[in-house]
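1. Sequence first, predicted coordinates after that:
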Amino acid sequence: MRIAVIGTGAMGCVYAALFAEAGHDVTAVDAWADHIDAISRNGLRLDGFTGDRVISGISARMLNERLPEAELYILATKAYGIADAAAKLNAETPPDAMVLTIQNGMGSADILAGGISSDRILVGVAEGFGASMTGPGHGHHTSMTRIRLGEYGGGETARLAEVTALWQGAGFPAEAYANIDQLIWEKFICNVSLSGPCTITGCTVGELMADPALWRMALDCGVEAYAVGKARGVQFSYDDPEAYVTTFAAKLGGAKPSMTLDHEAGRRSEIDIINGMVPKLAARAGLDAPVNRAVTAIIHHREKSFT
């Protein structure tokens, strides 16, 4: 299948590498010129969880160039780039091509649906998936538990089964779900519990858990988000968000959320669709989310100094 990965940062590199190794025609699309140049000249190097090798044969082009013609577009950009990507997808891609959006946080698929036909959209949730960039053309893969896939509008379809089989064939532990919204929310609870708190404290997940006061703050972030989800009618698979987050976080040890890595590199984060989304959704449900609001304010203050 012809696949274009839009946003070949840490996660996108893994997607591009494994699909290319499985024999698919893959194009890596990114705004980082040195990265695209390195892939074009030397191939894409991926090390870590799935071994250390260089994958050749991946086409690479800049995001400001016209998008390649593909059957599946995997949107792995940061959430703040989705609106621009949606406009580009709408203008430059076949109207029947599938678009799979796979980001952290809440609301990415809705933003995408504001720019392209919602019938084209599938949604992915990466669970227990860790990756980072070592340098241009070089990604590091640390972990991978599960890729969950679903239709934006819900339900089970033939194309969802086809795309799920595609991911499985490339070595991903992928599963199709009729109610992807539930899974997005369950990951969201973990994201808000770890991303903002780790970033404002500079802690790894393990260090955050080891400090009772900081861990209480982290759990409160998750509890606030859980209350909002319940108010919106989300059918969670659990009724104790603190236990759920604790079990999830205990597996991560010395890992740092991508938001923390962004700040360490002086990059803008996805705070607005993670911790920053909780107060917005809370207000619509007649609730409050003071801990997430405070965490978001601290992150916004820090990012004023970023270039």
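-> Happy to help now that I have it. Numbers count the residues shown, from 1 in each chain.

2. Can you point out the helix or strand that includes M259?
-> helix 258-264 (DSSP states H and E).

3. distance between the ends of stretch 64-77?
-> 14 Å (Cα to Cα, to the nearest Å).

4. what comes up buried for it?
-> L67, P68, A70, L72, Y73, I74, L75, A76, T77 (16 or more other Cβ atoms under 10 Å). Where you see a C-beta, it was placed from the backbone N, CA and C, and this is true even at glycine.

5. Need phi/psi at the closest residue to the second one other than its chain neighbours.
-> So the one you mean is P68. Spatial nearest neighbour of P68, excluding adjacent residues (Cβ to Cβ, 6 or more residues apart in numbering): T27 at 4.5 Å. Main-chain dihedrals, T27, degrees, to the nearest 10: phi -120, psi 130.

6. Same question for the one 5 residues further on.
-> Dihedral angles phi and psi of W32 (degrees, to the nearest 10) take the values phi -90, psi 100.

7. Contacts only, for it.
-> Applying Cβ atoms under 8 Å, 6 or more residues apart in numbering, we find W32 in contact with G9, P136.

8. how far away is it from Y73?
-> Distance, W32 to Y73, by Cβ to Cβ, to the nearest Å: 18 Å.

9. swap in C203?
-> In terms of Cβ to Cβ, C203 sits 36 Å off from Y73.

10. For the helix or strand containing T296, which residues meet the burial criterion?
-> In the assignment (DSSP H and E), T296 maps to helix 290-303. Residues of helix 290-303 classed as buried: V291, N292, R293, A294, V295, T296, I299 (neighbour count, 16+ other Cβ under 10 Å).

11. G128: neighbour count?
-> By other Cβ atoms under 10 Å, the residues close to G128 number 17.

12. which residues of the protein fall in helices?
-> 10-21, 33-42, 82-92, 108-113, 158-169, 180-201, 205-210, 212-231, 241-250, 258-264, 277-284, 290-303 (DSSP state H).
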